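In: no sequence for this one, just the structure:
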């Protein structure tokens, strides 16, 4: 029997919304937003989309009208009562009341701010101006919308049957990866794949697969909405935007040199335990560790992001040892462009020497490589980054020059201040 | 929104029927039944199930009560009005009115006859006694029921998610086989997989996959119900039961020696064109061809079944040449335990030398090997064969002694009459 009501209701949809909840975002955006609201409420920051995969001309197959419809739909979203209840009542990282009443009230009245969009040279120039705490909330939904619109564009020409086989293959691929993960001892892995996911439903399926296949070795998902619905942990800590804005706001070179540590000072007042994970690479890991204050050894761990993971992990171990910490008590989180081979390699190298966590992103939730002819569904390296703060340019150097962001003269200044040099560029897949 | 009516209706099901239509059978059963009805209406024949995969103890994990329910349900089926209309109105092998009014009227009032069932040594002894035209109709549904009950039994313990991954993998596997078929020049392939299918819905999916992946190179399906619903060709010709019963009924050795050719004499009065495909191996291909009448060269082709396919094809070519026919105008149909490697090998060997057709059975519609631990879903070599006709034992020798059927002393007599000897036993996978 056909449910006529559902059938007719479905015909009234104007669009098929990609982002349907303000919680369809990464957990660390909420942690950071709370810190920003508390400490930098008046800071104005511009975020902008950058597609590092220049060869993929997004504007050629993502319609601007559709993109605007999706962005406008995201702007219409409000935190629902049940979502608010979850933020207030749920335990995150084993701790209740992670979010202050002030923050949740702010979030209850929040809506995504305006955006600026134009197509230029086959790419979309998509920027967000306004209070930092508002513009920061665009990063994940904007990226998820662009990535899913691209998937939809590529898949539009496929017949129903071809789609079924495509998803059967993609499911098989994810499951085979999960089966390869199973034998890794003391595995702890989370989904970090919201922003570059193939689509929302696909990320949701991947989370279910990880949960079914790995049990407690699957730590949880960065996606708050999926964490809420699937009753798994919401996970994540913080991102480069914090040191980038702190650095941009620094009044002189001395303040600039101190900015990355100021971030940590503020963060450890707001959070504790497994949320105290240092992200050391914004202006080069080596210099950051060399000048780090001793109290940073009290932090739980370090996220190894843009540096080659074995090298980055060894550097972290050496630093902990040098500062008198036992690396086996410390947590290293690997999260940069991971796929199964990389995870196996890292695990073989570091297991038993440090506690290891994996934040598996794009190649968990968007590995459709080779499932359509050509590179049509290969993931692209698209990011949404801070461009300026209170009118001053924002800069990122990282351990991989391919990921550097900012005006050339500012990059030179930062390199001088942070003693960054001799880095080797590595290609960025995702 | 939930369709409450459907939900409540679903709760009223007593069983989930495996065979839901009298047309959920192979097309060749209808062709043979028409010939039997016309010529052998009073012949009484016993069919019996034989599981050649003795190590798989079906009675251990197929519940007898459930088996009876399914068989009883099949006995409750009647030809529907739409099904009758299809048989009357549809063109088969390019020809309308393939079935006589007399036959369709008989089928409209037909129901499957009684069965005898007991469990013995871990196997089911399932036999059908009665008029040949009735008992012959049990072969395919009985096998389909046993095979699907086995699949269900094995899958019962799996979680919903594990099932989804299992079917994703099975779909991927079928599709990869289809992709390997695509480059074969002048391919013509049909689904012969009803009897040993994993399940009805899975066979239906496989037919859709073949149709979507191969277009006109997919000739059709042996399954009448799927042919009707999917609007593809229903295909098939005849089986060993015809010569087996004709031989059993022979009054003396001379009549026995002539019986296989009597089948052809009758058949060519009833059918024409691509339905004139000789099945030469019932009592050994070599002797059958040596003594074949010259008029058999007028037949369209030959089915290479129990003989090693390259050898069998070469033997057919040699025979056509010897009798003055151009093999390139003749059709060889390969149908024994085919899988993709065998098809590729046969095609590489014979393409351009004869017209080739493939009847792809078990390893199209039931290749779940390795998708559960152990051999739980490996296909089994289960058959439903003529045991006796009018009280006389039925015998099959074939080109592979592993497939021989009948009492030892009768096999010896047949071997003497047909000059069958020196055959090499080959293992039977499916």
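Out: Nice, thanks for sending it over. It should be emphasised that the depicted structure is a prediction, and the values quoted were computed from it without experimental measurement.
In: For residue A:343, see how far away the residue in the stretch 301-430 of chain A positioned nearest to chain B is.
Out: In the stretch 301-430 of chain A, the residue that lies nearest chain B is residue A:371 (10.4 Å; C-beta to the nearest C-beta). For the C-beta atoms, the positions are set from N, CA and C on the backbone; glycine is no exception. With distances taken as C-beta to C-beta, to the nearest Å, residue A:371 is found 21 Å from residue A:343.
In: between the two, which one's more packed in?
Out: For residue A:371 versus residue A:343, neighbours defined as other C-beta atoms under 10 Å in any protein chain shown are more numerous around residue A:343 (22 against 19).
In: wouldn't that one be in contact with residue A:358 here?
Out: Yes: look at residue A:343 against residue A:358 with C-beta atoms under 8 Å: they come within range, at 5.7 Å.
In: intersection of neighbour lists for these two?
Out: A:189, A:334 (C-beta atoms under 8 Å, 6 or more residues apart in numbering or on different chains).
In: Let me know the secondary structure of residue A:289.
Out: helix (DSSP: H, G, I helix; E, B strand; the rest coil).
In: To clarify, my last question referred to residue A:151.
Out: Residue A:151 ends up helix, using three-state DSSP.
In: if I read this right, residue A:137 contacts residue A:33, doesn't it?
Out: Yes: between residue A:137 and residue A:33 there is a contact under C-beta under 8 Å: 6.5 Å.
In: higher neighbour count, those two?
Out: A count of neighbours by other C-beta under 10 Å puts residue A:137 above the other of residue A:137 and residue A:33, at 26 against 21.
In: give me every residue that touches the more buried one.
Out: Residue A:137 neighbours (C-beta under 8 Å, 6+ apart): A:22, A:25, A:29, A:33, A:110, A:112.
In: for residue A:224, what are its contacts?
Out: Per C-beta under 8 Å, 6+ apart, neighbours of residue A:224: A:23-27, A:30, A:234.
In: any idea of the mean pLDDT in stretch A:86-106?
Out: Averaged over stretch A:86-106, pLDDT sits at 96.
In: So which bits of that stretch are buried?
Out: A:86-87, A:90, A:92-93, A:98-99, A:103-104, A:106 (16 or more other C-beta atoms under 10 Å in any protein chain shown).
In: Now for residue A:397, how many residues are close by?
Out: 22.
In: What distance do you get for it to residue B:317?
Out: Distance of residue A:397 to residue B:317, computed by C-beta to C-beta: 74 Å.
In: got it, and residue A:63?
Out: 59 Å.
In: More neighbours: which of these two?
Out: Neighbours were counted for residue A:63 and for residue B:317 using other C-beta under 10 Å; residue B:317 has more, 19 against 13.
In: Residue A:23 reaches residue A:78, doesn't it?
Out: No: in this structure, residue A:23 is not within contact of residue A:78 by C-beta under 8 Å, at 11.1 Å.
In: out of the two, which sits in the more crowded spot?
Out: Set residue A:23 next to residue A:78 and count neighbours by other C-beta under 10 Å: residue A:23 wins out with 25 against 14.
In: now what about the helix ranked longest in chain A, what contacts it?
Out: Counting residues, the longest helix in chain A under DSSP state H turns out to be helix A:160-181. Residues from elsewhere that reach helix A:160-181 (C-beta under 8 Å, 6+ apart): A:155, A:158, A:187, A:189, A:198, A:202, A:205-206, A:209-210, A:213-214, A:217, A:339-340, A:343-344, A:364, A:367-368, A:371-372, B:164-165, B:167-169, B:171-172, B:175, B:208-209, B:212.
In: So for residue A:421, what's the pLDDT?
Out: pLDDT, residue A:421: 67.
In: Run the chain-centre distance for stretch A:337-355.
Out: 20 Å (C-alpha atoms, centre = their mean, to the nearest Å).
In: Now it: buried residues?
Out: In stretch A:337-355, counting by 16+ other C-beta under 10 Å, buried: A:337-340, A:342-343, A:346-347, A:350, A:354-355.
In: Could you dump those into a markdown table and include distance to residue A:296, secondary structure and pLDDT?
Out: Formatted as a markdown table, the buried residues of stretch A:337-355 follow (distance: C-beta to C-beta, whole Å; DSSP: H, G, I helix; E, B strand; the rest coil; pLDDT from 0 to 100):
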| residue | distance to residue A:296 | secondary structure | pLDDT |
| --- | --- | --- | --- |
| A:337 | 26 | coil | 92 |
| A:338 | 25 | coil | 96 |
| A:339 | 30 | coil | 97 |
| A:340 | 32 | helix | 97 |
| A:342 | 27 | helix | 97 |
| A:343 | 27 | helix | 98 |
| A:346 | 23 | helix | 98 |
| A:347 | 26 | helix | 98 |
| A:350 | 20 | helix | 98 |
| A:354 | 16 | strand | 98 |
| A:355 | 17 | strand | 98 |
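In: Residue A:200 contacts residue A:148, correct?
Out: Yes: if you go by C-beta under 8 Å, residue A:200 and residue A:148 touch, sitting 7.0 Å apart.
In: what do those two both touch?
Out: Contact criterion C-beta under 8 Å, 6+ apart; residues bridging residue A:200 and residue A:148 by contacting each: residue A:18.
In: Who has more neighbours out of the two?
Out: Per other C-beta under 10 Å, whichever of residue A:200 and residue A:148 has more neighbours is residue A:148, with 24 against 21.
In: thought residue A:358 was touching residue A:335?
Out: Yes: judged on C-beta under 8 Å, residue A:358 makes contact with residue A:335 at a distance of 7.2 Å.
In: still on that earlier bit, nearest to residue B:247, out of the contacts of residue A:137: which one, please.
Out: Closest approach between these and residue B:247, by C-beta to C-beta: residue A:25, at 75.7 Å.
In: distance of that closest one from chain B?
Out: 26 Å (C-beta to the nearest C-beta, to the nearest Å).
In: Which other helices and strands does the strand or helix carrying residue A:207 contact?
Out: Per DSSP states H and E, residue A:207 falls inside helix A:200-214. Contact here means 3 or more C-beta pairs under 8 Å, 6 or more residues apart in numbering or on different chains; DSSP states H and E; on that basis helix A:200-214 packs against helix A:160-181, strand A:189-191, strand A:218-221, helix A:224-230, helix A:362-365, helix B:160-181.
In: repeat that with 10 Å
Out: helix A:139-155, helix A:160-181, strand A:189-191, strand A:218-221, helix A:224-230, helix A:362-365, helix B:160-181 (3 or more C-beta pairs under 10 Å, 6 or more residues apart in numbering or on different chains; DSSP states H and E).
In: Follow the chain on from the least confident helix or strand in chain A by mean pLDDT and name the next helix or strand.
Out: The weakest-scoring helix or strand in chain A, judged by mean pLDDT, DSSP states H and E, is helix A:4-11 (a mean of 84). Using DSSP H and E, the helix or strand that follows helix A:4-11 towards the C-terminus is helix A:27-39.
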